[in-house]
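Participant: Turn this into a structure:
(chains A and B)
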There are 2 protein chains.
Amino acid sequence: MVYFDAASALPPHPVARQALLAALDEGWADPARLHREGRRARLLLDAARESAAESLGCRPDELVFTPSGTRALHAAVAGALAGRRRVSRRLVVSAVEHSAVLHAADAHRADGGTVAELGVDRLGRVDPAQVAELLSGGPGASEDGPGEEGTAALLCLQSANHEVGTLQPVAEVAEICRAAGVPLLVDAAQSAPWEAPPAGWSLLAASAHKWGGPGGVGLLAVRKGVRFAPAPPLDEREYGRMPGFPDLPAIVAAAASLRAVRAAAAAEGARLRALVDRLREAVPRLVPDCEVVGDPVRRLPHLVTFSCLYADGESLLLGLDRAGFSVSSGSSCTSSTLTPSHVLRAMGVLSEGNVRVSLPPGTTGADVEEFLRVLPEVVSSVRAQLDAPGAGTPKAGTSAAAPATEVADRAEDEGLTVDALGKRCPLPVIELAKVIGRVPVGGVVTVLADDEAARLDIPAWCAMRGQEYLGADGTAYRVRRTS
Amino acid sequence: MVYFDAASALPPHPVARQALLAALDEGWADPARLHREGRRARLLLDAARESAAESLGCRPDELVFTPSGTRALHAAVAGALAGRRRVSRRLVVSAVEHSAVLHAADAHRADGGTVAELGVDRLGRVDPAQVAELLSGGPGASEDGPGEEGTAALLCLQSANHEVGTLQPVAEVAEICRAAGVPLLVDAAQSAPWEAPPAGWSLLAASAHKWGGPGGVGLLAVRKGVRFAPAPPLDEREYGRMPGFPDLPAIVAAAASLRAVRAAAAAEGARLRALVDRLREAVPRLVPDCEVVGDPVRRLPHLVTFSCLYADGESLLLGLDRAGFSVSSGSSCTSSTLTPSHVLRAMGVLSEGNVRVSLPPGTTGADVEEFLRVLPEVVSSVRAQLDAPGAGTPKAGTSAAAPATEVADRAEDEGLTVDALGKRCPLPVIELAKVIGRVPVGGVVTVLADDEAARLDIPAWCAMRGQEYLGADGTAYRVRRTS
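Facilitator: Next up is the predicted model:
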C-alpha cells in the first residue's frame, strides 16, 4: 500500500513520536500550576513555543498553540475582524482559500459583515494587481454587502493551495496590504513543512499534522501591533487567545518535528519536485482526455492534481485504493461532498475525475512508476463502467448510463437535445461526447443537466475538445460543433 | 515527590499510553477520507465514540469529541442558548461552576443575555428547592438583566465541585428542570472518572485529562431532542458540532483509559475515600486555626480542601512543594490569580491559606501520613515568615508584615483602627488577630483593607474565633470583641 495523500495528513514523523513519548512522561501536568510537575510542563511549553516560533519566523510571544489549523484560522479571522471592527467590516478572501477560511467568512457574513472574493487565474493564482485594485476602490468578484469598496478589515491569502499546489504571490500581496494599511492573514498550512512563510504577514496559521506532527495542534501567530480581539469566552491560557487545557505532549511533538522536517526540506523538496515533474509529464500522456491543473512551476514540491474526462473522482479514488494507492479527490475538506471543489470552480478547470496526488517524504521513484503503471488501467476501467466514449464495451449489467441513442434525437430539426436531467457527473459530459459526432459541423447540441458540476465540466470539455461553448440557460447547456 | 493534584491533571494511565501508541500507527489519517488509511481511522474513531458513550451513559450519535473540557463547556452553553434563543435568553448557573462555564456566562451577558446565579450553602451545595423557586418565578442571587423570571434557556450545574469536592444534587435538579422544560447542562469533569453522571441531563461535558487520558480531549454529549445550534464557523466534523481535524490517537486513548479507570473506580474510590477521611480528621487537629471545607459525606472520594488562618496559599503550596508534595491552592483555573476563589467566596468560608489535596489512584497510606507529618511544619513556617500570631519569632529580615504596634492605636478613643490598606491577604487578618487582645470585651476594632480577600476572610476569621463581625463600609471592616 502506497500513501499519496500527504497534503491531507502524514504519519507521525519519528521525531514527533519520540518527542510525544518523552513529553507524555514529563509534560502531562497543568503548566499553569506552581508545583514541580506544573513548572516542568511550563518549561516544555516555553521551549516548544520558542522552537516553533523560530521555524515560523516570529517571536515566541506572538505565537499561540490551538487545537487545530482550522481553529487557528477561525480564531485568526474572528480576532482580526473584531480588532478592526470600527475601521471596516469588509473581509477579503481569495476564492481558493481552505474551507475553514470560507466558513469563517460565512460566519462574518451572517454577523452582518461583508465579504469580497478575490478571483484566481486558470493556474489558481491571485493577481497582485487585482488585490491593489480591490483595496483601492474596486469591488470583489462577489461583493455581497453594502458598498464598502476601498478598504478592508482583513485580507486572507493562503501561501499555497491545498488542492492544486499553486503558490500564491504572498510577498507582493503583503507589500500591497502594508501600503493600504490592511492586515494580511496567511494560511501557511501547506507550505509550513517546506519553508518559513514569506515575511510581511500580520497573522499566520499552520497545522502540525501536515508535517507529521500529531493531530490536535494548530499554530496561530499574530504580529505585535496588529489589532486583535479574540472572541470570548476566553481564559488565561495562551496569552488569553486560546482557551482550554493545552495538549502539551502533542505541542512538544509538533514543534520538534517541524524543526526536523525543515532541516531536510530543501533536499527532500528537490527530490519530490522531480517526481512530481515526472507525474505531470507522464499522466496526460498515458491517460487520454486528462488535464493536469495548477501552476507547473510556482508550486508545492510534492503535489500534483489532474482531472480525467468521463470519470468520477470517487470511483477513481476507490479504484486506485484497490490497486494499492491512497489518493484524494475533489475538495480537500470532505470526500463525501456532492458539490465540485470550489478551488477547481474558481480556476474554471475541469472538475470531473479529479485526483490529487501528494507525495509524503520518502516516496521513491519506483512508487511513482508503479502508480503510472496502474493509473491508466484504473481510469479506463472507471470509464468502461460508465460506458464512456472510447472506453470499449462496458461490462454487462454495470453500465450506469442509458444508451446515448435513446436520449438524443428529441428534436432533430432544432438540433440535438440530450436529456441528462437527474444524472450525476460525469454522465452529462459522457452523453454530450457521445452525440457530438452526430451533430453536423456548425450545428448545435443542447444538454439538459441539473448536476452542479456540469456548469464547470461542460465548458471545460468544450475547451479540451476544441468545441464552442455557447452558454447555459438554466439547466440547458448549448454547444456548437466546430470541428 | 508525591503528586496530590489529581483534580488538575493526572499522569497518563498505562492504558492511555498503550492506546495512544497503537493509534499513532493506525489512526493518524483523516477519518473523513475514503482511502484505506482514512477508513481505518474512521473505524477507530467510531469505536472510541461507542466506548466513551457507553461510559457516559449516552448514545454514540449524541457524543462528540472536543479539543478540551473547556471547549466542550463553551460549545455546550453557546449551542444550547442559541437553540433556545426564541424561548428565553436567561441562563442560570450555580455560583460554584468551573470558570469555563462562568466565562461562557460572561460572553452571554456581553451578547445581551441575562444570567442568574444559584447560590450554595456553606458546604458548597445548591438547594434543589431554590432551583425550583428560581425556575418558577424567583430571581437569582445576582440577576443582572431585565426581569425574565420564571423561565430559563439553560441551567448549568456541575456534578461535583472541582475545588472542594462537594457533590451536587444533580438527579433532583434534573427532575425539576424536566418539569420546568428547561435543559440541564451537567459539567461532569470531576466525577466522570468515578461514575456515569446521574441520568436526566440534557447536555454533558467531561475532560479526559481528569482520568489519566491525554490532554486535548473533551467530550460533549447532547441528548437527542435537545435544541442545539452550534456556533459557526463549523465544518462537517463531529456531526457538524465541533470543527477541525480530530486528534484521533488522543481520542482513542481517552476512551480506552476511561473504560479502564471505571473498571477500578469502585474499589479505588473506597480506598481513597478512607484516606481523605483520615486527612479530614487529622489536618484540623494537627494544624491550629485550620478549617476543612466542603461536604464531609456527599463528596468526591479523592479530594479534600482546607484553609489555614494567617497563611497564604501560594506560600503553603511552595512550602509543600519543597517538602515533596504537589498540591493546588485557590481557584482551580490559575494559581497566578490575585482574586480569591469564587467557589470559597460563594460558600462564605475562609479563603486564605487554602490548600486542595486531590489524591491520584494508587496513593498509599504512607504518602498521606508523610503529608500529615510535614504539613504542620510548613504551615507554621509560613506563619512565622508572616509574623502571624502564635507563630513564634519570625526569621530576621523575612517578615512581610510591619510590627502590629505601629499600625494600631490610631484613634484609641473611638476604638482601635488597623490600617492594612495596600497589604495583601493574609496580612489584614493577621493584624486584626494581633490587636484583638488589646480591645476590651464589647469594644470594636476597625480594619482598613483593600485586598479583595478581606471581604471573605475577615468575616470567616470572626466565625472561627467567635468574634462578632459588624459589617463593612467600603474598605473599613468593623469587628466587636465578644470573648
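
Participant: Which residue ranges of the stretch 301-450 of chain A form helices?
Facilitator: Using DSSP state H, counting those that start in this stretch, the helices of the stretch 301-450 of chain A run over A:313-322, A:342-347, A:365-385, A:404-407, A:427-435.

Participant: Show me what the helix or strand harbouring A:Ala266 is packed against.
Facilitator: Using DSSP states H and E, A:Ala266 sits in helix A:265-286. Judged by 3 or more CB pairs under 8 Å, 6 or more residues apart in numbering or on different chains; DSSP states H and E, helix A:265-286 is in contact with strand A:290-293, strand A:303-308, helix A:365-385. Glycine gets a C-beta too; all of them are placed from N, C-alpha and C.

Participant: Could you list the low-pLDDT ranges of the stretch 101-250 of chain A?
Facilitator: A:138-150 (pLDDT under 70).

Participant: Point out the residues in it that sit beside chain B.
Facilitator: A:103-104, A:106-107, A:110, A:207, A:209, A:214-218, A:232-236, A:243-250 (CB under 8 Å from any CB of the partner chain).

Participant: Of these, grab the buried ones for ChimeraX.
Facilitator: Only the buried entries of those go into this ChimeraX selection, using 16 or more other CB atoms under 10 Å in any protein chain shown:
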select /A:103,104,107,207,209,214,215,216,217,218,232,233,234,235,243,244,245,246,247,248,249,250
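
Participant: Restricted to strands, list the residues of the stretch 101-250 of chain A next to chain B.
Facilitator: Counted as lying in strands by DSSP state E, out of those, are A:Ser207, A:Gly218.

Participant: In helices, which of the residues of the stretch 101-250 of chain A next to chain B fall?
Facilitator: Secondary structure defined by DSSP state H assigns A:His103, A:Ala104, A:Asp106, A:Ala107, A:Ala110, A:Leu248, A:Pro249, A:Ala250 of those to helices.

Participant: residue contacts, the second one?
Facilitator: The neighbourhood of A:Ala104, defined by CB atoms under 8 Å, 6 or more residues apart in numbering or on different chains, consists of A:Leu73, A:His74, A:Val77, A:Ala78, B:Pro233.

Participant: 10 Å instead, please
Facilitator: A:Ala104 sits next to A:70, A:73-78, A:81, A:91, A:93, A:97-98, A:115, A:154, A:156, A:185, B:232-233, B:243 when contact means CB atoms under 10 Å, 6 or more residues apart in numbering or on different chains.

Participant: How about the fifth one?
Facilitator: Remark: with contacts taken as CB under 10 Å, 6+ apart, A:Ala110 is in contact with B:Pro232, B:Pro233.

Participant: go with 6 Å
Facilitator: By CB atoms under 6 Å, 6 or more residues apart in numbering or on different chains, the contact list for A:Ala110 is empty.

Participant: cool, the first one as well?
Facilitator: Shown here is A:His103, whose contacts under the criterion CB under 6 Å, 6+ apart are B:Pro233.

Participant: Likewise for the fourth one?
Facilitator: With contacts taken as CB under 6 Å, 6+ apart, A:Ala107 has the following neighbours: B:Pro232, B:Pro233.

Participant: gap between it and B:Pro233?
Facilitator: Distance, A:Ala107 to B:Pro233, using CB to CB, to the nearest Å: 4 Å.

Participant: likewise the third one?
Facilitator: Noted for A:Asp106: a distance of 7 Å to B:Pro233, by CB to CB.

Participant: The second one too?
Facilitator: Per CB to CB, A:Ala104 is found 5 Å from B:Pro233.

Participant: what's the overlap in contacts for the two?
Facilitator: Common neighbours of A:Ala104 and B:Pro233 (CB under 6 Å, 6+ apart) are A:His74.

Participant: Could you report the neighbour count for A:Gly437?
Facilitator: Close neighbours of A:Gly437, defined as other CB atoms under 10 Å in any protein chain shown, add up to 9.

Participant: typed the wrong thing, it's A:Ser51
Facilitator: The burial count for A:Ser51: 17, using other CB under 10 Å.

Participant: for A:Val479, same thing?
Facilitator: Using other CB under 10 Å, A:Val479 is surrounded by 27 other residues.

Participant: Please name the nearest non-neighbouring residue to A:Ser94.
Facilitator: Leaving out its chain neighbours, the residue that sits closest to A:Ser94 by CB to CB, 6 or more residues apart in numbering or on different chains is A:Leu118, at 4.5 Å.

Participant: same question but for A:Pro376, I mixed them up
Facilitator: Closest residue to A:Pro376 apart from its sequence neighbours, by CB to CB, 6+ apart: A:Leu286 at 4.9 Å.

Participant: Can you give me the distance of that neighbour to A:Gly113?
Facilitator: Distance from A:Leu286 to A:Gly113, counting by CB to CB: 48 Å.

Participant: A:Gln158 now?
Facilitator: Distance, A:Gln158 to A:Gly113, by CB to CB: 20 Å.

Participant: Who has more neighbours out of these two?
Facilitator: Neighbours per residue (other CB under 10 Å) separate A:Gln158 from A:Gly113, with A:Gln158 holding more: 26 against 20.

Participant: Name the residues linked to the nearest residue to that one once chain neighbours are set aside by a beta bridge.
Facilitator: Spatial nearest neighbour of A:Gln158, excluding adjacent residues (CB to CB, 6+ apart): A:Asp187 at 4.3 Å. With DSSP bridges as the criterion, A:Asp187 is bridged to A:Gln158, A:Ala205.

Participant: Against A:Arg481, how distant is A:Gly443?
Facilitator: Counting by CB to CB - A:Gly443 and A:Arg481 are separated by 6 Å.

Participant: For these two, indicate the residue with more neighbours.
Facilitator: In this view A:Gly443 and A:Arg481 are compared by other CB under 10 Å, and A:Arg481 has more residues nearby, 21 against 14.

Participant: Skipping its backbone neighbours, what lies nearest that one in space?
Facilitator: Spatial nearest neighbour of A:Arg481, chain neighbours left out: A:Val439 (4.4 Å); criterion: CB to CB, 6+ apart.

Participant: pLDDT value on the one you found, please?
Facilitator: Listed pLDDT for A:Val439 reads 92.

Participant: list the contacts for it?
Facilitator: Counting by CB under 6 Å, 6+ apart, A:Val439 makes contact with A:Leu416, A:Val445, A:Arg481.

Participant: one more time with 8 Å, if that's ok
Facilitator: A:Gly415, A:Leu416, A:Val445, A:Arg481.
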